[in-house]
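S.K.: Task: produce atomic coordinates for the following.
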Amino acid sequence: MILYINTKDRKIVKVEIREKGKVISKMSEENEYGSQVLLPLIEKLLKDQKLDYKDLEGVEVETGPGSFTGLRVGVSCANALGFALGIPVNGQKIETDLVY
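M.R.: As a prediction, the model looks like this:
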């Protein structure tokens, strides 16, 4: 399972669970404070799918273009999860689907 994080919009946070390139589940939340809802949204997504962090095999994160602060929060969260769980983190541009 791959966790995908998209915080490029200033007020909308999107997270998805993907398996073998297909979206299994996704959630988004729109609010005035943007990426402050990221971690609770990830928790809710995992709980709804009856998954735990240990079930994740990697994290993909949107790298822009978009809100600088939002992107920074998303990348920081992805890196922290990757480090804590010992799983790879990949930045991804949606427009071109390039992974680097």
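S.K.: Doesn't Val15 lie inside a strand?
M.R.: Yes. Counting by DSSP: H, G, I helix; E, B strand; the rest coil, one finds Val15 located in a strand.
S.K.: Around it, how many other residues sit close by?
M.R.: Residues lying near Val15 (other C-beta atoms under 10 Å) number 25. Where C-beta positions appear, they are placed from N, C-alpha and C, glycine not excepted.
S.K.: Within the helices and strands, which one has Glu32?
M.R.: If you go by DSSP states H and E, Glu32 is not part of any helix or strand.
S.K.: Surely it is in contact with Val13?
M.R.: No. Glu32 lies out of contact with Val13 (C-beta atoms under 8 Å); the separation is 12.0 Å.
S.K.: The two: which has the busier surroundings?
M.R.: Each of Glu32 and Val13 has its neighbours counted (other C-beta under 10 Å); Val13 has more, 28 against 7.
S.K.: show me what contacts that one?
M.R.: Asn6, Thr7, Ser28, Glu29, Glu30, Gly34, Ser35, Val37, Leu38, Leu41, Gly70 (C-beta atoms under 8 Å, 6 or more residues apart in numbering).
S.K.: The closest residue to the third one other than its chain neighbours: what's it in contact with?
M.R.: If you skip the residues right next to it in sequence, Ser28 has Lys14 as its closest partner in space, 4.3 Å away by C-beta to C-beta, 6 or more residues apart in numbering. Residues in contact with Lys14 (C-beta under 8 Å, 6+ apart) are Tyr4, Ile5, Asn6, Thr7, Lys26, Met27, Ser28.
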